[in-house]
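Novice: sharing a sequence plus its predicted fold:
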Amino acid sequence: MASSPSKIVFGTDGWRGIIDVDVTNKSIALIAQAFADHLLASVHKIISPSVVIGFDGRRNSQQFASLFARVLAGNRIKVVLSDRIVPTPVLSWSVKAGGYNAGVMITASHNPSKYSGVKFKGDYGGPFLTEDTKKVEARIEYNLVQTTDNFSERNLLSDYITAITEKIDFKSARKKGLKVIVDSMGGAGGRLIEDILTKQKIETVTIQGEPDSDFYGRSPEPIDKNLGPLKEEMVKGDFAFGIATDGDSDRVAFVLDNGEWLSAQETILLLTDHLVNSGLYDGDIVKTVSVTDKLYKLKLGDRKIREVQVGFKYITEEMLAGGVAMGFEESGGFGLTGHIPERDGILFAMIMLEMLGESPFTRLSELVSEKRNEFGTINYDRIDHHYEEDDRMELLPRLFAEIPSDVAGFRITGSSEFYSATGIINGLKLRLEGDSRWLLIRSSETEPLLRFYAEGDNETEPAAILEAGMKLLTEKRKKDNGY
């Protein structure tokens, strides 16, 4: 028996649902009409707003993108539709560079193949901010859908490739003869990285480079457990390192030449160190609250670190506010303000290559070893805890009202709370005595999940802190309920 479609509710990075259950022609048309109504209301000084639309390689993505375009065009909105599969950062860059009022990407990012979804982009080339997303959501089923075929198609890739190439110095990597391998995971990235590097005379091999609606049987999320094919190929060739991009290529991960996955946390530390020391990018660093606190140990000069809640749109808000050079999130999303206030896995794959090229080393494992000696290891872990009780959104406000004195035997030295769009505390970070010790608890607004994150000063501490954090919430709930 088929599941019933759920109400259309947007999360921190758009809307996602199951194809043919939640994501259908009807739901896409409803969202497109709401988006049109929002644009016509908010940019009323423009006679005909303009929108560019892209799509990934999932089943029906091109069909949904075309439908979205027809609805917008039927509402007197000028629409340019990509003529091929493109990564999300290509769409985002096209919005900003082309001077469009907004962008739409049909994708479910790193979610499994049964999912599809919609991401909105502002004229600045980054994710819609919370206020605008909620305005669109409020207009769903408010108006009748109108459709027409009055829109144009365009290749969005060529100008993006030119822009990326101008940002990176390939000379050192080319001189050293560095060779890399890319796993696009059957996603929208395709052979884009290979095409860029080959033109720079840098040898590149791509696996699973043709977009596949089923992602070759994998979840297109570039985390350790999903990178078996890349690790297997790494040991067969003389590669400096491996690159993996997610389903829509806005996230990136790296595998060392010895087959070891480089965690997103350690990647962020290395990239931040490189970009700060390059002297090319002025401004503060934004990190989501779940990113390693070892960033505070870097020599940053006059730069500050701004910490925001989980979700790249909160990084985008800081980028748009000014004075920010770069932003990082724990899930592998990295952005440079001078490029677009948005994640771009393609760009940061190039930056990693540039970083290794400019170092004294020819293997990423050698550079990582040196940096581990300098900064120490990162000890981090997280748990996504399934929680079906009705009081999920009440737990953290209660805990915030009575923060304990210690967690896992470590004294609490400070706390930071984070609020949902409705003004409820949905994130609480407790900083613990020590070098880089902390516990973060988040309540999901859209899923029956409590998320626990922890960093410690040795490899055993994160597990102990996570266990203590889960126990903390359990005991608080029992106390509040009188048992």
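Specialist: Right, received. Where do you want to start?
Novice: use CA for all of it now, contacts and neighbours both
Specialist: Fine.
Novice: so what's the closest residue to I193 other than its chain neighbours up against?
Specialist: Counting by C-alpha to C-alpha, 6 or more residues apart in numbering, the nearest residue to I193 once its immediate chain neighbours are dropped is I346, at 6.6 Å. Shown in contact with I346 (C-alpha atoms under 8 Å, 6 or more residues apart in numbering): P89, G189, I193, T245, S249, D250, V252.
Novice: cool, D83 as well?
Specialist: D83 neighbours (C-alpha under 8 Å, 6+ apart): E153, R154, N155, L156.
Novice: tell me the phi and psi of the second one?
Specialist: When read as degrees, to the nearest 10, the backbone of R154 gives phi -150, psi 150.
Novice: helices of the stretch 101-250 of the chain, start to end?
Specialist: Applying DSSP state H, counting those that start in this stretch to the stretch 101-250 of the chain gives helices spanning 130-138, 157-167, 171-176, 192-199, 228-234.
Novice: show me the shaky parts of this structure.
Specialist: 1-6, 42-46, 142, 144, 446, 482-483 (pLDDT under 70).
Novice: who wins on neighbours among the contacts of D83?
Specialist: L156 (25 neighbours; other C-alpha atoms under 10 Å).
Novice: who's the closest residue to that residue other than its chain neighbours bridged to?
Specialist: Of all residues not flanking L156 in the chain, S82 sits nearest, at 6.1 Å (C-alpha to C-alpha, 6+ apart). When bridges are assigned using DSSP bridges, the partners listed for S82 are R154.
Novice: measure S82 to A69 for me?
Specialist: The gap separating S82 from A69 is 10 Å, by C-alpha to C-alpha, to the nearest Å.
Novice: centre-most residue in the chain?
Specialist: G333 (3.8 Å; C-alpha atoms, centre = their mean).
Novice: element containing the spatially closest residue to D169 that is not a sequence neighbour?
Specialist: Distances taken as C-alpha to C-alpha, 6+ apart put E354 closest to D169, at 6.4 Å, once the chain neighbours are dropped. E354 is located in helix 345-358, with elements delineated by DSSP states H and E.
Novice: could I get the buried residue list for the helix ranked longest in the chain?
Specialist: With secondary structure taken from DSSP state H, the chain has its longest helix at helix 461-481. Residues of helix 461-481 classed as buried by neighbour count (16 or more other C-alpha atoms under 10 Å): 461-463, 465-470, 472-473, 476-477.
Novice: ok, now stretch 199-219?
Specialist: So, applying 16+ other C-alpha under 10 Å, buried residues of stretch 199-219: 201-215, 219.
Novice: ok, stretch 372-387 next?
Specialist: Those would be I378, N379, Y380, D381, R382, I383, for stretch 372-387 by 16+ other C-alpha under 10 Å.
Novice: what about that stretch, start to end distance?
Specialist: End-to-end for stretch 372-387, by C-alpha to C-alpha: 37 Å.
Novice: show me how far that stretch is from its chain's centre.
Specialist: 18 Å (C-alpha atoms, centre = their mean, to the nearest Å).
Novice: then stretch 363-372?
Specialist: 25 Å.
Novice: ok, stretch 181-193 next?
Specialist: Distance, centroid of stretch 181-193 to centroid of chain: 16 Å (C-alpha atoms, centre = their mean).
Novice: stretch 54-71 too?
Specialist: 21 Å.
Novice: mind listing what's buried along it?
Specialist: Across stretch 54-71, burial judged by 16+ other C-alpha under 10 Å covers 54-62, 64-71.
Novice: ok, stretch 110-118 next?
Specialist: Quick answer for stretch 110-118 (16+ other C-alpha under 10 Å): H110, N111, P112, S113, K114, Y115, S116, G117, V118.
Novice: residue contacts, the fifth one?
Specialist: Under the criterion of C-alpha under 8 Å, 6+ apart, the contact partners of K114 comprise I18, I19, D214.
Novice: then K167?
Specialist: For K167, counting by C-alpha under 8 Å, 6+ apart, there are no contacting residues.
Novice: that older thread, from S152, how far off is the residue nearest to L156?
Specialist: S82 is 9 Å from S152, by C-alpha to C-alpha.
Novice: same thing with L298?
Specialist: On the measure of C-alpha to C-alpha, L298 and S152 end up 48 Å apart.
Novice: A helix includes P341, no?
Specialist: No: assessed with DSSP: H, G, I helix; E, B strand; the rest coil, P341 is coil; it does not lie in a helix.
Novice: re earlier: which residues do S82 and A69 both contact?
Specialist: Counting by C-alpha under 8 Å, 6+ apart, the common neighbours of S82 and A69 are I53.
Novice: who touches the top strand by length along the chain?
Specialist: In the chain, taking DSSP state E as the definition, the longest strand is strand 410-419. The contact list for strand 410-419 (C-alpha under 8 Å, 6+ apart) reads 309, 400, 404-406, 425-433.
Novice: let's see it at 7 Å
Specialist: Q309, S405, D406, I425, N426, G427, L428, K429, L430, R431, L432, E433 (C-alpha atoms under 7 Å, 6 or more residues apart in numbering).
Novice: helices or strands up against the helix or strand harbouring the fifth one?
Specialist: Just to be clear, that refers to N426. Using DSSP H and E, N426 sits in strand 425-432. Under the contact definition 3 or more C-alpha pairs under 7 Å, 6 or more residues apart in numbering; DSSP states H and E, strand 425-432 sits against helix 395-401, strand 410-419, strand 437-443.
Novice: quick one: closest of those to K176.
Specialist: strand 437-443 (39.2 Å; C-alpha to C-alpha).
Novice: which residues sit in contact with E354?
Specialist: Counted by C-alpha under 7 Å, 6+ apart, E354 has contacts I168, D169, F170, A173.
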